[in-house]
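J.: Can you look at this prediction? I've put the sequence above it.
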Protein chains: 2
Amino acid sequence: MSAPRLAIEAVPGLPEVRPGDDLARVIHDSLAAASITLRADDVLVVAQKIVSKAEGRFVSLASISPSPRAEALAVEVDKDPRLVEIILGESADVVGAAPGVLVVEHLSGHVMANAGVDRSNVGTLDEDLVLLLPADPDASAAALRVGVERIAGVAPAVVVSDSIGRAWRNGTAAVAIGAAGLPALLDLCGLPDRDGRTLRVSLVGFADQIAAAAALVIGEGAEGLPVALVRGLRFDAPAVPAAALRRPRERDLFR
Amino acid sequence: MSAPRLAIEAVPGLPEVRPGDDLARVIHDSLAAASITLRADDVLVVAQKIVSKAEGRFVSLASISPSPRAEALAVEVDKDPRLVEIILGESADVVGAAPGVLVVEHLSGHVMANAGVDRSNVGTLDEDLVLLLPADPDASAAALRVGVERIAGVAPAVVVSDSIGRAWRNGTAAVAIGAAGLPALLDLCGLPDRDGRTLRVSLVGFADQIAAAAALVIGEGAEGLPVALVRGLRFDAPAVPAAALRRPRERDLFR
């Protein structure tokens, strides 16, 4: 058997995505223009930002009246109270707060700074507009997968990725906040190690690692490459959504 | 300009690595046997385990007399007191402890469970032997890079990877505990976003994402594929070791 080999490439030529766009169609057309034919065992990694844009998840700061709670927290974290109000509205819990830092559990269950609410690369210089995460990123991934299948006739797996800060380590790393068609969390429990001993560490953040790999070509800045195609991944396990990657509060030592 | 494209492949045919082995030679020979010619812009991702093995980082549990502190902590975390003694000896600080869980700051500064001390895939069924992390993983990466250059005439970047558990998320993800020849932490500060606004999130855990990408082909279990070759990465920044990825205690909300 040959050694595993992956190819990861950014999908070139995606136009600016706008609210109401059919993202499956946009991605399909860009792939077609690049003469890339999708396979059923491909994985499409799609930056959260364009999913949110297609879903019209914009909010204008001007429309927000911050609550007293948001006003108080805004002082603590040194942020715009209207932005803090939006973040709280997107959050199930505040996990950590300090000057410049507001880490929350997003309504989707993923823990991240600012509930993923973002001002950069939103496609406008209007300082008033911010972009929220998709309301249900696993559902977004599943819908995109179905949409692509409808157009292309094959259903690649889909990962919706976001770059988040981490406890204990500097720098962001991309993770999967949505997934469809692959095991976002991979259970190796019971596999033998090389010495014939049963593996004790059993759960791998498979879709997180796929998102991180894709981030190497998607880029973070002005490149305008929000979609990557990952080819050659092997997995032999039932599909599990990215919701499985959220560690429940009661099993988390670090909040 | 073409869109970025990465190829990531597991290096086949590596023999079991033993204490004292010249790891650069072992990897070079496996590449040569697979007809792979190294390039200066390649990245070699090497699983911590074989680096530790080559460095002879084995300890026998039978040689350990646990301290009272280790005995007490062992009860709390439900682990072998001798193992806890070894973990404490490898640690600068205990970050979190609960039944089955012992998260520490390793002497190298990286935060992880059990100080990376491992029993699986150590190359023996001797239940008494455990494997420690390299004492200085950045130095290991740098030495391996120099060793490869001496043999192959080119100096690819080197990442020493380990799979670690994370706060807030289920499943392990590979990170870089050692790096040479690339910017382990990438500073995008000052780059414009697509709308011409200066990017606010500026630090990317570049080597961590490379380690995660490589983990997709390196595998976790019985595959015996501890080295990956990453080809096609672009970066235009000075080399920074993996030590830059450690978040200092005083700037970490989560310990």
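T.: Done, it's in.
J.: Tell me the strands beside the lowest-mean-pLDDT helix or strand in chain A, with direction?
T.: Counting by mean pLDDT, DSSP states H and E, the weakest-scoring helix or strand in chain A turns out to be strand A:186-187, with a mean of 90. Here strand A:186-187 is paired, per DSSP bridges, with strand A:203-204 (antiparallel).
J.: Now the residue nearest to the spatial centre of chain A: closest residue in space that isn't a chain neighbour?
T.: The centroid of chain A falls nearest to residue A:161 when counting by Cα atoms, centre = their mean (2.4 Å). Nearest in space to residue A:161, with sequence neighbours left out and distances taken as Cβ to Cβ, 6 or more residues apart in numbering or on different chains, is residue A:211 at 3.7 Å. Where C-beta positions appear, they are placed from N, C-alpha and C, glycine not excepted.
J.: Am I right that the one you found is in a helix?
T.: Yes: counting by DSSP: H, G, I helix; E, B strand; the rest coil, residue A:211 is found in a helix.
J.: mind listing what it touches?
T.: A:45, A:159, A:161, A:162, A:174, A:175, A:176 (Cβ atoms under 8 Å, 6 or more residues apart in numbering or on different chains).
J.: The same query, at a cut-off of 6 Å, please.
T.: A:159, A:161, A:174, A:175, A:176 (Cβ atoms under 6 Å, 6 or more residues apart in numbering or on different chains).
J.: Give me the subset of those residues lying in strands.
T.: Residues of the contacts of residue A:211 located in strands (DSSP state E): A:159, A:161, A:174, A:175, A:176.
J.: Model confidence for the first one, exactly?
T.: Right, residue A:159. Looking at residue A:159, its pLDDT reads 98.
J.: May I have the beta-bridge partners of it?
T.: With DSSP bridges as the criterion, residue A:159 is bridged to residue A:45, residue A:179.
J.: ok, and what's touching stretch A:133-142?
T.: With Cβ under 6 Å, 6+ apart as the criterion, stretch A:133-142 contacts A:51-52, A:55, A:108, A:116, A:158, A:160, A:177-180, A:241-243.
J.: pLDDT at the residue lying closest to residue A:52 once chain neighbours are set aside, what is it?
T.: What sits nearest to residue A:52 in space, not counting adjacent residues and going by Cβ to Cβ, 6+ apart, is residue A:131, at 5.1 Å. The score at residue A:131 is 95. That number is its pLDDT.
J.: Just list the residues touching residue A:131, thanks.
T.: Contacts were defined as Cβ under 6 Å, 6+ apart; by that measure residue A:131 touches A:52, A:57, A:58, A:118, A:122.
J.: What count of nearby residues applies to residue A:76?
T.: Neighbourhood size, residue A:76 [other Cβ atoms under 10 Å in any protein chain shown]: 14.
J.: Just the buried residues of the helix or strand hosting it, please?
T.: In this assignment (DSSP states H and E), residue A:76 forms part of helix A:68-77. With burial defined by 16 or more other Cβ atoms under 10 Å in any protein chain shown, the residues of helix A:68-77 counted as buried are A:70, A:73, A:74, A:77.
J.: out of these, who's nearest chain B?
T.: Nearest to chain B among the buried residues of helix A:68-77, counting by Cβ to the nearest Cβ, is residue A:77 at 11.1 Å.
J.: Please tell me how far the nearest residue to the closest one once chain neighbours are set aside sits from residue A:163.
T.: In space, and not counting its chain neighbours, residue A:77 is closest to residue A:102: 4.6 Å by Cβ to Cβ, 6+ apart. According to Cβ to Cβ, to the nearest Å, residue A:102 stands 16 Å off from residue A:163.
J.: re earlier: for whichever strand or helix holds the residue nearest to residue A:77, what is the distance to the chain centroid?
T.: Using DSSP H and E, residue A:102 maps to strand A:101-106. Put simply, strand A:101-106 sits 15 Å off its chain's centre (Cα atoms, centre = their mean, to the nearest Å).
J.: all helices of chain A, in order?
T.: Assigned by DSSP state H, the helices in chain A fall at A:23-33, A:48-54, A:68-77, A:81-89, A:137-152, A:206-218.
J.: how about those helices in CSV, adding distance to residue A:228 and mean pLDDT?
T.: Putting these into CSV (distance: least, Cβ to Cβ, whole Å; pLDDT from 0 to 100) gives the following:
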stretch, distance to residue A:228, mean pLDDT
helix A:23-33, 11, 97
helix A:48-54, 12, 96
helix A:68-77, 33, 97
helix A:81-89, 28, 97
helix A:137-152, 14, 98
helix A:206-218, 4, 96
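J.: Good, wrapping up.
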